[in-house]
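1. give the three-dimensional model of this entry:
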Amino acid sequence: MLYLFPTGLEAKRFSELHPNRRVVISGVGMAATAATLARLNARHPLAGEVVVLAGIAGTYGEECEVGGVVEVVRESVVELPERFREEYSVEPYTSLKPVASNTVSGCGAESCGADIENMEGATLFAMSTAMGFRAVQIRAISNRVGEGFERWHIEQALEALAESLSEIV
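-> Numbers count the residues shown, from 1 in each chain. Reported below is the predicted structural model:
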């Protein structure tokens, strides 16, 4: 199992709890995540592996609690014109609440029926389809979409993320 985190901050607590797990920092956003997965696949094909993308996310409504942890099972790049927008779906891997997510380039896109937003998820699912690995996306809710950064609950979300990931190790 490979654990992929957008930032070192998101990976820190999990890495402390599980120092022998394969943890890779992908970088933030779609391009950085695609480049990281392509580089990893070139070194050692990912086909047949489980790749867990884990990080924080914002929630659009009241369905997801700030500080809670969810599993993304449906994802799309909401900022693309609808005629080009692909929706990715996977079967749940965990017992966490399954949610729909939007991959965005910046915070605050319209929900278009999604529960949460993040910046890397659609890339994980697209690369999974192309490379043949099992994609699992786990997100801890740090904020409500549209809230100022000073109101985000990052530490609470990161602690919850590490605890939830520890249960599926």
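
2. from what I see, Ser26 and Leu40 are in contact.
-> No. Contact between Ser26 and Leu40 fails when scored by CB atoms under 8 Å: they sit 9.1 Å apart. Quick note: C-beta positions are derived from backbone N, CA and C, even for glycine.

3. of these two, who's got more company?
-> More crowded of Ser26 and Leu40, by other CB atoms under 10 Å: Ser26, with 24 against 21.

4. would you mark the buried spots in the strand or helix carrying Val52?
-> If you go by DSSP states H and E, Val52 is part of strand 50-59. The neighbour-count check on strand 50-59 (16 or more other CB atoms under 10 Å) flags 51-59 as buried.

5. now tabulate those in CSV and tack on pLDDT and distance to Tyr93.
-> Formatted as CSV, the buried residues of strand 50-59 follow (pLDDT from 0 to 100; distance: CB to CB, whole Å):
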residue, pLDDT, distance to Tyr93
Val51, 98, 11
Val52, 98, 8
Leu53, 98, 12
Ala54, 98, 12
Gly55, 98, 16
Ile56, 97, 19
Ala57, 96, 17
Gly58, 95, 22
Thr59, 95, 20
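
6. just curious, which of those residues is nearest to Ala162?
-> Distance to Ala162 across the buried residues of strand 50-59 (CB to CB) is lowest for Ala54, with 8.9 Å.
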